[in-house]
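Trainee: Kindly return the folded structure for what I paste below:
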Amino acid sequence: MRADETPDSKLKRNFVVAIDGPAGAGKSTIARHLARHFGLLNLETGAMYRAFALKALRLDVPLDDPGALERVAAETEIKLEPGEDENRVLLDGEDVTGQIRNQTVTDAASRVSVFPPIRAAMVKRQQEMGAQGGVVMEGRDIGTVVFPNAEVKIFLDAAPEVRGMRRYDQIGQSGHPSAKPVPPPEEVIRDLRARDERDRNRADSPLRPAPDAFLLDSTNLSLEEAVQAAEDTVEAWLAKQGHTASDR
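Mentor: Sure, this is the predicted structure:
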């Protein structure tokens with residue numbers, strides 16, 4: 001909450017900002033900025049899928065067995081709690097924030113997320129978390145499935161090669177002592193293309209922009225320019241509602 005805000009004014013921010021897009025597009029960075037700037041809660045839905053995938057890996061559940069995965073989902077509790085820089089991710093009460101960012105878990109999350117029962121379970125929880133509004137929620141089907149009536153929808157994209165290099169740099173900067181050696185850029189880009197293929201062509205809730213989403217292609221934009229474009233989009237919607245800068 002910014003210094004010029006009061007708890008009461010923050011609670012009045014009951015609109016929903018939905019940010020969708022493929023892996024490596026910068027959704028998390030932009031969502032964090034918008035949440036801080038507009039006094040909203042940042043809910044990263046991808047972290048929920050990663051937490052579930054972590055549990056499946058721990059239990060040695062086959063990632064291609066939807067029945068087994070559905071049984072695990074029925075016995076799994078995932079919560080997101082606001083943190084200073086990112087959400088704390090709680091899996092059955094355990095803080096797994098630092099354990100869900102490695103490539104093994106990321107790849108597993110992409111595989112389990114294609115199954116309708118898993119998506120249905122996660123969507124239900126996401127809708128519960130954002131039911132009161134006042135949130136920035138980012139993922140791959142927020143504006144089309146989770147919150148189709150979100151007040152502001154942004155579809156963030158970039159060329160696969162650009163997103164792949166961003167992901168390569170992100171992996172290299174993770175610094176986690178147990179992390180695997182950083183794969184070469186061409187392997188990261190190849191894996192990202194494969195994930196795009198799964199996300200865009202799955203039968204349930206495929207990755208696609210909502211008809212009324214603002215399309216933000218950051219291929220030729222700096223991070224600062226992409227963040228500013230997203231901020232301007234929210235500001236434009238607020239202005240249409242009759243809000244001024246002093247209201248925020």
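
Trainee: now the helices: where do they sit in the chain?
Mentor: Taking DSSP state H, the helices of the chain run over residues 7-11, 27-38, 45-58, 66-74, 103-112, 116-129, 160-172, 185-201, 223-240.

Trainee: which of the residues in the fourth one are buried?
Mentor: Within helix 66-74, the residues that count as buried by 16 or more other Cβ atoms under 10 Å are Pro66, Leu69, Val72, Ala73. In this view, the C-beta of every residue, glycine as well, is placed from N, C-alpha and C.

Trainee: Need the nearest residue in space to Arg88, chain neighbours excluded.
Mentor: Distances taken as Cβ to Cβ, 6 or more residues apart in numbering place Glu81 nearest to Arg88, at 4.3 Å, with adjacent residues excluded.

Trainee: whoops, Pro160 was the one
Mentor: If the residues on either side of it in the chain are set aside, Pro160 comes closest to Arg193, at 5.5 Å by Cβ to Cβ, 6+ apart.

Trainee: burial measure for the one you found, as a count.
Mentor: Neighbour count of Arg193, defined by other Cβ atoms under 10 Å: 15.

Trainee: isn't it right next to Glu161, touching?
Mentor: No. Counting by Cβ atoms under 8 Å, Arg193 does not reach Glu161; the two are 9.4 Å apart.

Trainee: Glu44 bridge partners, please.
Mentor: When assigned by DSSP bridges, Glu44 has beta-bridge partners Glu138.

Trainee: Quickly note the distance from it to Gly93.
Mentor: Distance, Glu44 to Gly93, using Cβ to Cβ, to the nearest Å: 19 Å.

Trainee: burial of the residue nearest to Ser218 when sequence neighbours are not counted, as a residue count?
Mentor: Distances taken as Cβ to Cβ, 6+ apart put Ala226 closest to Ser218, at 4.1 Å, once the chain neighbours are dropped. Neighbour count for Ala226, taken as other Cβ under 10 Å: 22.

Trainee: Can you tell me how far Gln126 is from Ala120?
Mentor: In terms of Cβ to Cβ, Gln126 sits 11 Å off from Ala120.

Trainee: Below-threshold pLDDT in the chain: ranges please.
Mentor: Where the chain drops to pLDDT under 70, the residues are 1-13, 84-85, 171-180, 243-248.

Trainee: mind redoing it with 80?
Mentor: Within the chain, the segments meeting pLDDT under 80 span 1-13, 82-87, 170-182, 203-204, 242-248.

Trainee: residue contacts, Leu57?
Mentor: The contact partners of Leu57, taken as Cβ atoms under 8 Å, 6 or more residues apart in numbering, are Thr104, Val105, Ala108.

Trainee: Of these - the most surrounded one?
Mentor: Neighbour counts for these (other Cβ under 10 Å) peak at Ala108, which has 22 neighbours.

Trainee: neighbours of the residue nearest to that residue when sequence neighbours are not counted, just the number please.
Mentor: Nearest residue to Ala108, sequence neighbours excluded (Cβ to Cβ, 6+ apart): Ala53, at 3.8 Å. Ala53 has 25 neighbouring residues, counting by other Cβ under 10 Å.

Trainee: thought Ala53 was touching Ala109?
Mentor: Yes. Ala53 is within contact range of Ala109, at 4.0 Å (criterion: Cβ under 8 Å).

Trainee: shared neighbours, those two?
Mentor: Ile100.

Trainee: any idea how far stretch 181-190 is from the chain center?
Mentor: Distance, stretch centre to chain centre, for stretch 181-190: 22 Å (Cα atoms, centre = their mean, to the nearest Å).

Trainee: same check, this time on stretch 100-114
Mentor: With Cα atoms, centre = their mean as the basis, stretch 100-114 stands 13 Å off its chain's centre.

Trainee: So what touches that stretch?
Mentor: Residues outside stretch 100-114 that contact it (Cβ under 8 Å, 6+ apart): 23, 46-47, 49-54, 56-57, 63-64, 69, 89, 99, 118-119, 122, 140, 171, 174, 176, 178-180, 183, 191, 195, 198-199, 202-204.
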